[in-house]
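> return atomic coordinates for the entry below.
(one chain, ligands or ions: 2)
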Amino acid sequence: MKMVRKKQKAKIIPHKVPAEEQNPMERRSNFKEVSLGYTEVTAVKEAMRCLNCSRPQCIERCPVHVPVPQFIRAIKEGRFKEAIDKIKEVNLLPGVCGRVCPQEDQCEKSCILGKKYEPVAIGRLERFAADREMQYCRRSVSELPVSTGKKVAIVGSGPSGLSCAYELAGLGYKVTIFEALHEPGGVLLYGIPEFRLPKKIVAREVQSLRDMGVEIITNAVVGKLVTVDGIMEDFDACFIGTGAGFPRFMGIEGENLNGVYSANEFLTRVNLMRAYEFPEYDTPVKKGNRVAVVGGGNVAMDAVRTAIRIGAKDAIIIYRRSMFELPAREEEVHHAREEGVRFELCIKPVRIIGRDGWVSAIECIRMDLCEMDESGRRRPRPIKGSEFLMPVDVVITAVGTNANPLVTQSTELLSVNKRGYIIVDEETGRTGTRGVYAGGDIVTGSATVISAMGAGRKAAKSIHTYLNGD
Ligand code: FAD
Ligand code: SF4
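Ligands and ions are numbered 1, 2, ... in the order given. From the prediction side, this is the model:
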């Protein structure tokens, strides 16, 4: 008699394989990375969860279209070098993206596994592939393409500029990046703190660009020393990726007191200028005992967690809506809570009070959440007479940023919208000025690393088409 065997279905592990983390009580007083990432064993185990879909939605959802199933399959089969090579076909910054991309809204959001279980931990696997290469493989310089003889300038070395440079250098263009600060990396360097993104990861990934022959000129403020119009006299095309790093304030009394910082200034002082090691380093920062950070986004979480690490005994988030509307990534909020951050919700600052020129308190008013606004969140409305004082000695505002007007105002024929962001053709990144392209936060307003990289990549393709006379 013929035996009919039931086909065995592979059992899916419903949850992501966890990655180890530094203990919250220890990490609140150091700048070492919070997540320790996967080991070879845990990475392979997580990679086994991927179904290797024939029409993978995870690729579509990624702004740079990382070949997710292919690189995960390589990890699953222990071909770690091949995994990183696959990612690098489209992504110069895998170590960065694996750490800071909001995967829960992108690739992982559309992972088929997520319909029933937790999605595949694509970000953690990407980080594993990048870190393993850094640990074990010698930096390899791939063969450079034949030179086109044409030169492209890039203004700004954030993710949009770096990714544009990567594509163009790979196509044989001579690329020069002009960067205002003394080190390249943009927000990756001066904004996102070491405990989320170690600077050595950024430095290594930027170095691979230099290895491809890209020149990076630092301390070059375009709009002051040289203009885009001047650059265009020497170059065949130009990409502007200057970001949106111009701080926005609340416009309330007391914001000019000592001890009030914008989140960008505070983070730049600590991250880039190493203010926590003053006087060994030249830049000081006020190390408050009670620090209030106004805002509920990722930038606010970075600022408040940094304040804890430089010695705040009480670090408070002040947010005008409830926990439900808080825009920061869930993971960041969870980490902040573990580290002892206090969340004061449904309140809004009305003035900052000082003593002898320094912050001594912040006055807030309680808010009621009413009907939905155009963003789909409940509109906060002040409750009359509910004002109260909170003693604090540092206030950090993380209520958004604007476009820096330096480049836009010094470039002829560049069109900007009413908020100062450059207007481009969406498909190509082309501005109104011939040969000049733009992308990243200077076009969209503050967004994400990967969307800035996607814009840089798209503009590079258009520049290539333009320089080939199409
Ligand atoms: P930027 O990264 O801002 O880089 C612009 C560069 O241009 C800078 O280096 C600047 O110095 C340079 N520049 C400016 N003006 C000039 C000039 N006139 N001449 C020469 N150079 C100039 N996104 C995520 O996806 N995940 C996160 O976890 C995350 N966390 C964040 C945390 C903080 C604190 C901040 C501020 C942002 C965060 N973001 C995060 C957002 C993300 O970093 C940005 O969307 C992204 O960096 C934008 O890239 P960009 O290339 O457009 O600009
Ligand atoms: Fe793997 Fe999820 Fe992508 Fe399918 S959608 S290939 S399961 S990561």
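
> give me the neighbour count for the residue in the stretch 301-450 of the chain that ligand 2 sits nearest to.
Using CB to the nearest ligand atom, the closest approach of the stretch 301-450 of the chain to ligand 2 is made by I450 at 15.9 Å. Quick note: C-beta positions are derived from backbone N, CA and C, even for glycine. I450 has 24 neighbours, counted by other CB atoms under 10 Å.

> next: the one 4 residues further on.
If you count neighbours by other CB under 10 Å, G454 ends up with 22.

> just the helices in the stretch 51-200 of the chain please.
57-61, 68-76, 80-88, 94-100, 122-136, 159-170, 187-190, 199-211 (DSSP state H, counting those that start in this stretch).

> got the angle between the top helix by length along the chain and helix 159-170?
Determined from DSSP state H, the single longest helix within the chain is helix 449-467. If you take axes from the mean of the first three to the mean of the last three CA atoms, to 10 degrees, helix 449-467 sits at 40 degrees to helix 159-170.

> CA atoms only: put helix 449-467 into PDB for me.
The C-alpha atoms that make up helix 449-467 are tabulated as PDB, following Å, rounded to 0.1, in the frame of the first residue of the first chain:
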ATOM      1  CA  VAL A 449      18.100  59.300   7.000                       C
ATOM      2  CA  ILE A 450      16.900  56.800   4.400                       C
ATOM      3  CA  SER A 451      14.500  59.200   2.700                       C
ATOM      4  CA  ALA A 452      17.400  61.700   2.400                       C
ATOM      5  CA  MET A 453      19.500  59.000   0.900                       C
ATOM      6  CA  GLY A 454      16.800  58.000  -1.500                       C
ATOM      7  CA  ALA A 455      16.600  61.600  -2.700                       C
ATOM      8  CA  GLY A 456      20.400  61.800  -3.100                       C
ATOM      9  CA  ARG A 457      20.400  58.600  -5.200                       C
ATOM     10  CA  LYS A 458      17.500  59.800  -7.300                       C
ATOM     11  CA  ALA A 459      19.200  63.100  -8.000                       C
ATOM     12  CA  ALA A 460      22.400  61.300  -8.900                       C
ATOM     13  CA  LYS A 461      20.600  59.300 -11.600                       C
ATOM     14  CA  SER A 462      19.100  62.500 -13.000                       C
ATOM     15  CA  ILE A 463      22.500  64.300 -13.000                       C
ATOM     16  CA  HIS A 464      23.900  61.300 -14.900                       C
ATOM     17  CA  THR A 465      21.100  61.500 -17.500                       C
ATOM     18  CA  TYR A 466      21.500  65.300 -17.700                       C
ATOM     19  CA  LEU A 467      25.300  65.100 -18.200                       C
END
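
> got the buried residues for that helix?
For helix 449-467, a neighbour-count test (16 or more other CB atoms under 10 Å) marks 449-460, 462-464, 466-467 as buried.

> hmm, that helix touching ligand 1?
Yes. Part of helix 449-467 sits near ligand 1 under the criterion CB under 6 Å from any ligand atom, namely 449-450, 452.

> can you put those in a markdown table and add distance to T227 and pLDDT?
Shown next, in a markdown table, are these (distance: CB to CB, whole Å; pLDDT from 0 to 100):
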| residue | distance to T227 | pLDDT |
| --- | --- | --- |
| V449 | 28 | 95 |
| I450 | 30 | 93 |
| A452 | 23 | 96 |
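
> now do the same contact list for the residue lying closest to V304 once chain neighbours are set aside.
Nearest non-adjacent residue to V304, counting by CB to CB, 6 or more residues apart in numbering: V293, 4.3 Å away. Counting by CB atoms under 8 Å, 6 or more residues apart in numbering, V293 touches 263, 300, 303-304, 307, 315-318, 395-396, 398.

> spatially nearest residue to the residue sitting nearest the centre point of the chain, not counting backbone neighbours?
In the chain, the centroid-proximal residue (CA atoms, centre = their mean) is V449; its distance is 4.2 Å. Of all residues not flanking V449 in the chain, P159 sits nearest, at 4.8 Å (CB to CB, 6+ apart).

> give the contact list for that neighbour.
Contacts of P159 (CB under 8 Å, 6+ apart): 93, 96, 186-188, 440, 449-450, 452-453, 456.

> give me that answer again for 6 Å
449, 452-453 (CB atoms under 6 Å, 6 or more residues apart in numbering).

> just R378 next, same as before
Applying CB under 6 Å, 6+ apart, the residues near R378 are L369.

> for it, give its distance to F388.
22 Å (CB to CB, to the nearest Å).

> residue numbers of the stretch 51-200 of the chain in contact with ligand 2?
51-53, 56-58, 68-69, 111-113, 120, 122.

> can you say which of the residues you listed are buried?
Buried, going by 16+ other CB under 10 Å: 56, 58, 68-69, 111-113, 120, 122, out of these.

> can you count the residues close to the residue of the stretch 1-150 of the chain found nearest ligand 1?
Residue nearest to ligand 1 within the stretch 1-150 of the chain: V100 (3.7 Å; CB to the nearest ligand atom). V100: 22 surrounding residues under other CB under 10 Å.

> state the three-state secondary structure for the closest residue to T433 other than its chain neighbours.
Leaving aside its chain neighbours, T433 sits nearest to L413 (4.7 Å; criterion: CB to CB, 6+ apart). Three-state assignment for L413 (DSSP: H, G, I helix; E, B strand; the rest coil): coil.

> give me the pLDDT value at L413.
pLDDT recorded at L413 is 82.

> same check on the one 4 residues further on?
The model reports N417 with a pLDDT of 94.

> where does pLDDT dip in the stretch 101-250 of the chain?
For the stretch 101-250 of the chain, the stretches with pLDDT under 70 are 138-142.

> if we use 80, what do you get?
For the stretch 101-250 of the chain, the stretches flagged by pLDDT under 80 are 137-143.

> name the residues of it found near ligand 1, please.
Residues of the stretch 101-250 of the chain lying close to ligand 1 by CB under 6 Å from any ligand atom are 101-102, 155-161, 178-181, 186-187, 191-192, 220-223, 241-243, 245.

> since that was my last question, I'll sign off now.
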